[in-house]
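# give me coordinates for this.
(2 chains)
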Amino acid sequence: AQSVTQLGSHVSVSEGALVLLRCNYSSSVPPYLFWYVQYPNQGLQLLLKYTSAATLVKGINGFEAEFKKSETSFHLTKPSAHMSDAAEYFCAVIEGGTSYGKLTFGQGTILTVHP
Amino acid sequence: DAEITQSPRHKITETGRQVTLACHQTWNHNNMFWYRQDLGHGLRLIHYSYGVQDTNKGEVSDGYSVSRSNTEDLPLTLESAASSQTSVYFCASTDGNTGELFFGEGSRLTVL
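This is a model prediction of the structure:
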């Protein structure tokens, strides 16, 4: 079975600082990987996804993630944090290929941005 | 615009009562999912469906059931609510092509 581990349940950064949210996956087959963001009292929305094309994936709101097979990682970064980035972020891996859509989620990382 | 809606958004019930959470999507997606979100656990899959009359158990299916009589709806039923089922429930759907899940805004359930 595939699994995802997010290192750090809480990350705090200053506005303008680098954002780095860590995600490691376990998969016996080439994975499809996703980052979702959840703002307070809302559902999850897709930030970006990796589906075996380019290893550096760019998403919305200036976020990007790099797939590193040798490290089984898919860390999320943003060069300069903004107050509006404060949210909870989830890394996820898909099982059974995209045609099934059954995602396994990590535990989530709450990002706090200080002025 | 196509969307996915959940109702009710908030519900308080008592232990032992039957509760049904509704999920309706207008994307005509075949694949629909129910997750629960709890602090420290992320989202855990309860049940899912790949089409009409198809239902499958997820990792935390005990005490829950679903039915799929049409493409648009996947109601989640708690047969006899327990305090351990206090949670936020999310419905999601996908067309199966991109892998992207589209989520509803969640239903917060409190079992007293």
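
# tell me where the chain has strands.
Picking chain A for this. Under the criterion DSSP state E, chain A contains strands at A:3-7, A:10-14, A:19-26, A:33-38, A:44-50, A:56-58, A:64-68, A:73-78, A:87-95, A:102-105, A:109-114.

# that answer is for a different chain, and I need it for chain B
Taking DSSP E, the strands of chain B run over residues B:4-7, B:10-13, B:19-25, B:31-38, B:42-51, B:54-57, B:64-66, B:76-78, B:87-94, B:102-103, B:107-111.

# and those strands: which comes nearest residue A:13?
With respect to residue A:13, and counting by CB to CB, the nearest of the strands of chain B is strand B:42-51 at 21.2 Å. Backbone N, C-alpha and C define where each C-beta goes, glycine included.

# hey, what's the angle from the closest one to strand A:33-38? Just curious.
Between strand B:42-51 and strand A:33-38, the angle comes out at 110 degrees (axes from the mean of the first three to the mean of the last three CA atoms, to 10 degrees).

# strand partners of strand B:42-51, parallel vs antiparallel please.
In the sheet, strand B:42-51 lines up against strand B:31-38 (antiparallel), strand B:54-57 (antiparallel) (DSSP bridges).

# mind listing what's buried along it?
B:42-50 (16 or more other CB atoms under 10 Å in any protein chain shown).

# who in chain B is up against chain A?
Residues of chain B lying close to chain A by CB under 8 Å from any CB of the partner chain are B:31, B:33, B:35, B:40-45, B:48, B:50, B:90, B:92, B:94, B:96-101, B:103-106.
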